[in-house]
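> okay, here's the prediction I keep looking at, along with the sequence it came from:
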Amino acid sequence: MKPGQFSLRSFLVAVAFCAVAIAALLNASEAWLAGVATVTIGLFMVEALVAIYCPGARRAFAVGFLVWGAIYFAVHNFLLAGYSSSVLGTAMILQLAFEGMHPETSASIRSHSGFALGHYYELYMHIGEFLWTLVLGGCGGLLARMLWQRKLQQTAGRAIESSH
């Protein structure tokens, strides 16, 4: 498949991901956070095994997913743990989306009034950060697979040239 093209299966997976992500963000709760966190950690474990045991393009995707996802997760949760939640652009995008989805409550969130509202916002942000981890991991996987395919084509081209 050429770069920029995608299969129907990939499109359906992306649409399903977006639908679940929007549902999780609109209905932020401990249950949604537990579900999204479990899926994220589960995908990291599966991709680690794929990176070890599968060859070719599948391995390239898994390595890219792990590298990009793990770097984002580590930076957000460990390196920036003491800073404001809006240091990264991803958090700023989540905040803007929250304000767009809940315009009546965004002023209350900024002033930190109301425990229940603040707790909902924290759940929303945690869910959003797990979702960003998956999105960025997927982008890293796609980029790694594309680079692997390019390298494979270059290697095949050199092999054909050297045989003549």
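Looks like it arrived, so ask away.
> can we go C-alpha only for contacts and neighbour counts from here?
Noted.
> how near is Ala70 to Arg58?
Distance of Ala70 to Arg58, given as C-alpha to C-alpha, to the nearest Å: 18 Å.
> against which helices or strands is the strand or helix carrying Tyr120 packed?
Element membership for Tyr120 (DSSP states H and E) is helix 115-163. Contact analysis of helix 115-163 by 3 or more C-alpha pairs under 8 Å, 6 or more residues apart in numbering; DSSP states H and E lists helix 8-26, helix 30-53, helix 56-74, helix 89-101, helix 106-110 as its packing neighbours.
> so what's the residue nearest to Phe73 when sequence neighbours are not counted up against?
Using C-alpha to C-alpha, 6 or more residues apart in numbering and skipping residues adjacent in sequence, the residue nearest Phe73 is Thr133, 6.1 Å away. By C-alpha atoms under 8 Å, 6 or more residues apart in numbering, the residues touching Thr133 are Thr40, Gly69, Ala70, Tyr72, Phe73.
> in JSON lines: the residues you listed, plus distance to Leu143, neighbour count and pLDDT.
JSON lines is the format used below for those (distance: C-alpha to C-alpha, whole Å; neighbours: other C-alpha atoms under 10 Å; pLDDT from 0 to 100):
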{"residue": "Thr40", "distance to Leu143": "19", "neighbour count": "18", "pLDDT": "96"}
{"residue": "Gly69", "distance to Leu143": "13", "neighbour count": "24", "pLDDT": "96"}
{"residue": "Ala70", "distance to Leu143": "15", "neighbour count": "17", "pLDDT": "94"}
{"residue": "Tyr72", "distance to Leu143": "16", "neighbour count": "20", "pLDDT": "93"}
{"residue": "Phe73", "distance to Leu143": "18", "neighbour count": "19", "pLDDT": "90"}
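> could you identify the most distant pair in those residues?
Using C-alpha to C-alpha, the contacts of Thr133 span at most 12.7 Å, a distance reached by Thr40 and Tyr72.
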